[in-house]
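Asker: this is a predicted model, with the sequence first.
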Amino acid sequence: MTTNPLDYNGRSRVFKIFSAIVLVLFAAVWVVPLLFAGVTSLRPESEIAADPTSWWSENFSLEAYRKVLDSTPMLTWYLNSFIIAALTVVLTVFVTSLIGFALAQTRFRGRGGVFALVLAGLLIPGQILVLPLYQIVQGMGLLNTYWAMVLPAVAAPIAVFIFESFFSGLPRELIDAARVDGTSWFGIYWRICLPLTRPAVAAVAIFTFVTSWNNFLWPLLVLSNVDQMTIPVGMATVASGFGIMYAQVMATAVLGALPLFVVFLLFQRQIVQGVASTGIK
Amino acid sequence: MATTTIIDDAAPARTVATLPTGGRSDENRAGWLMAAPFLAFYLLFLIGPAVFGLVMSFFNTTSVRPGLGEAVGLDNYRQIFTDSEFWASMGHTVWFTVLTVPPLVILAFVLAVLAERVARGKALVRFIFFAPFVLPVTSVTMIFGWLYAAEIGLLPNALEALGLPVPDLLGEARWGFISVAALTVWWTIGFNFVLFLAGLQDIPEQVYEAAALDGASPVRTLWSLTLPLLRPTVVLVTMLQILASMQIFNQMYLLTAGGPGTETRPVMQYIYDTGFSDYRAGYSAAATMIYFAVVLIISVLWYLARVRTRKGADA
């Protein structure tokens, strides 16, 4: 690079160093809250009371974590969150990819109308529907069930469009060839096209999982039984009970954050690409 | 599916007759069958509630009794238009949006441009800014509640050490908005950052080479090349951000609970309070519709802006 006479894109040395310094400063600010929470959760409560803002302890321990896991149904909430998120992912990926394929590769009558209808749904922010949706879910007798969380989440127009754009990219000749061979439309979708859209499946699956896991307002409304709560709602109910036991509050925060943090560590590339691909349309 | 007939033939079907006889009707049936499961969910849990909410807004529905209750025509709307609490909550939502959109767009853009230019550590930077985005809101508010805590929190202590006045970060409405906005910037900036980074990577290197040959300075290149080429992304991110900020509820609810009093209560919480605590579902639905109308207007403006930027890009 240094031998390149062209100093294009402002890639001069000075500018690079300046960029690096600014980024390091901001990155430090971004890391502080997480690091401080982590450190606090490992300090004994008595030390925190004596010196709340210290970054060090004479006796780091996992005591606060043990207490939180003993005194709250955290593990049950993990399980609930996981079951709900997993069910939502499987149903959403299947149902939205199916219609995504139909919109992209079959020319059924009324397709334009369906397309417009789903597009209109993008304009409706999900959160504003809570009240009528609550009454509908209540009417169906689904309150305090996993299904109250899972079923409404499947109606995700954005996922339809992610799949539609991936399926549109597949060559028409591929489908025609399969048709000539006598493969059914469902067979073409399931055996030929879906395996080719793995990036879209990954993007929608991870998005759906994160959204479901972190959903707050809706589970707050539909899950009132402590043993059925998901992580974010359950944590909110116990947080006030800890009062000034800050190590326990931080341990709870860390425990709540941990699973998705690990998921993010493992699937960083797919998640980031998934986000980036929503900006394409 | 009875639902599927509603929109049949609503739009001109594109005629792509690639297969010989018999293929068309088979394709038609298959298309509808594959679209049907999603449409069922969609009509039941998205379009249905939207229509039901609209209907409910003309009744004095309460959440304690089943059924719609008595029809009241436009009474709910008339009441809301004179309800200072509703308009105050709309104002709070707008104020929160004003506080969060500029940093979440401009800062994310600047950080993305800088990150584009460093050779090493790009992945680490991306990780640091994006990681908070995957954390549950409860964890984030617990951590920031501790950072903001009066007397003992990290931030008040840091301000004191610097000899600056220490405001009541959570107890005072003025600072409550700023505290929640700062939390939101920390929590969600990674999303916009990644969108900008993706947009920047799509700009071909040759464009920059040509600019360098013409002797353009880095600032000039940024202003006259990068920014115009990235305009569609800027418009997209800005509008997504406005729509997201307009829906503020969770962080505010957990951090200030709308307090002190109702001085930081956003419109989503007003809707939640009237609908679920006061059981005035019909009234709450009418408030939702007015709020939705505002969001819809913004969305339409967004659409028009995008059409325009696309045309600009083509020309």
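Answerer: Sure thing, it's come through.
Asker: next one: the closest residue to chain A within the stretch 151-300 of chain B from residue B:211, what distance?
Answerer: When scored by CB to the nearest CB, the stretch 151-300 of chain B has residue B:218 as its residue closest to chain A, at 2.5 Å. To be clear about C-beta, it is placed using only N, CA and C from the backbone, and glycine gets the same treatment. Using CB to CB, to the nearest Å, residue B:218 is found at 10 Å from residue B:211.
Asker: tally of neighbours for residue 172?
Answerer: Going with chain A. Using other CB atoms under 10 Å in any protein chain shown, residue A:172 is surrounded by 11 other residues.
Asker: actually it's chain B I care about, not the one you picked
Answerer: Residue B:172 has 16 neighbours, counted by other CB under 10 Å.
Asker: quick check, it in contact with residue B:260.
Answerer: Yes. Residue B:172 is in contact with residue B:260 according to CB atoms under 8 Å; the separation is 7.2 Å.
Asker: pull out the buried residues from whatever helix or strand residue A:275 lives in.
Answerer: Residue A:275 belongs to helix A:268-278 when elements are defined using DSSP states H and E. Using 16 or more other CB atoms under 10 Å in any protein chain shown as the test for burial, helix A:268-278 gives A:268, A:270-278.
Asker: same for it, what does it pack against?
Answerer: With contacts defined as 3 or more CB pairs under 8 Å, 6 or more residues apart in numbering or on different chains; DSSP states H and E, the packing partners of helix A:268-278 are helix A:157-168, helix A:198-214, helix B:122-130, helix B:173-201.
Asker: what segments of the stretch 101-250 of chain A are helices?
Answerer: Secondary structure of the stretch 101-250 of chain A (DSSP state H, counting those that start in this stretch): helices located at A:111-122, A:130-139, A:146-154, A:157-168, A:172-180, A:185-187, A:198-214, A:217-222, A:231-239, A:246-266.
Asker: swap that for the stretch 51-200 of chain B, please
Answerer: B:75-81, B:84-102, B:108-117, B:122-130, B:137-148, B:154-161, B:173-201.
Asker: does the fifth one reach chain A?
Answerer: Okay, so that is helix B:137-148. Yes. Using CB under 8 Å from any CB of the partner chain, helix B:137-148 reaches chain A at B:137-140, B:142-147.
Asker: cool, the longest one as well?
Answerer: Yes. Applying CB under 8 Å from any CB, one finds helix B:173-201 in contact with chain A at B:186, B:191, B:194-195, B:197-199.
Asker: tilt between that helix and helix B:122-130?
Answerer: Angle, helix B:173-201 to helix B:122-130, by axes from the mean of the first three to the mean of the last three CA atoms, to 10 degrees: 150 degrees.
Asker: show me which residues of helix B:173-201 are buried.
Answerer: Those buried within helix B:173-201 under the rule 16+ other CB under 10 Å are B:173, B:175-177, B:179-200.
Asker: next, the angle from that helix to helix B:108-117.
Answerer: Relative orientation of helix B:173-201 and helix B:108-117, computed by the same axes, to 10 degrees: 40 degrees.
Asker: now helix B:173-201 against helix B:84-102, angle please.
Answerer: Using the same axes, to 10 degrees, one finds that helix B:173-201 and helix B:84-102 are set 40 degrees apart in direction.
Asker: continuing past helix B:173-201, what's the next helix or strand?
Answerer: helix B:205-213.
Asker: check whether that next one contacts chain A.
Answerer: Yes. Helix B:205-213 lies within reach of chain A by CB under 8 Å from any CB, at B:205, B:208-209, B:211-213.
Asker: which residue packs closest to residue A:86, ignoring adjacent ones?
Answerer: Distance criterion CB to CB, 6 or more residues apart in numbering or on different chains; nearest residue to residue A:86, sequence neighbours excluded, is residue A:209 at 7.8 Å.
Asker: OK, contacts around the most centrally placed residue in chain B?
Answerer: In chain B, the C-alpha nearest the mean C-alpha coordinate belongs to residue B:244, at 1.3 Å (CA atoms, centre = their mean). Neighbour list for residue B:244: residue B:188 [criterion: CB atoms under 8 Å, 6 or more residues apart in numbering or on different chains].
Asker: list the buried residues for the helix or strand encompassing it?
Answerer: Using DSSP H and E, residue B:244 sits within helix B:231-246. By neighbour count on 16+ other CB under 10 Å, the buried set for helix B:231-246 is B:231-246.
Asker: helix or strand right after it?
Answerer: Once helix B:231-246 ends, the next helix or strand along the chain (criterion: DSSP H and E) is helix B:250-255.
Asker: quick one: the next helix or strand after that following helix near chain A?
Answerer: Using DSSP H and E, the helix or strand that follows helix B:250-255 towards the C-terminus is helix B:267-272. Yes. Residues of helix B:267-272 contacting chain A under CB under 8 Å from any CB: B:268, B:271-272.
Asker: sorry, back to before: state the pair within the residues of helix B:205-213 next to chain A that is farthest apart.
Answerer: B:205 and B:213 (12.7 Å; CB to CB).
Asker: gap between the residue nearest in space to the middle of chain A and residue B:100?
Answerer: Centroid check for chain A by CA atoms, centre = their mean gives residue A:210 as the closest residue, at 1.6 Å. Distance from residue A:210 to residue B:100, counting by CB to CB: 20 Å.
Asker: same thing with residue A:153?
Answerer: Taking CB to CB, one finds residue A:153 at 25 Å from residue B:100.
Asker: lowest-confidence helix or strand of the chain?
Answerer: I'll assume chain A. One helix or strand of chain A scores below all others by mean pLDDT, DSSP states H and E: helix A:268-278, with a mean of 78.
Asker: chain B, not that one
Answerer: The helix or strand of chain B with the lowest confidence, counting by mean pLDDT, DSSP H and E, is helix B:218-221 at a mean of 80.
Asker: what about residue B:74, how many neighbours?
Answerer: Neighbour count for residue B:74, taken as other CB under 10 Å: 11.
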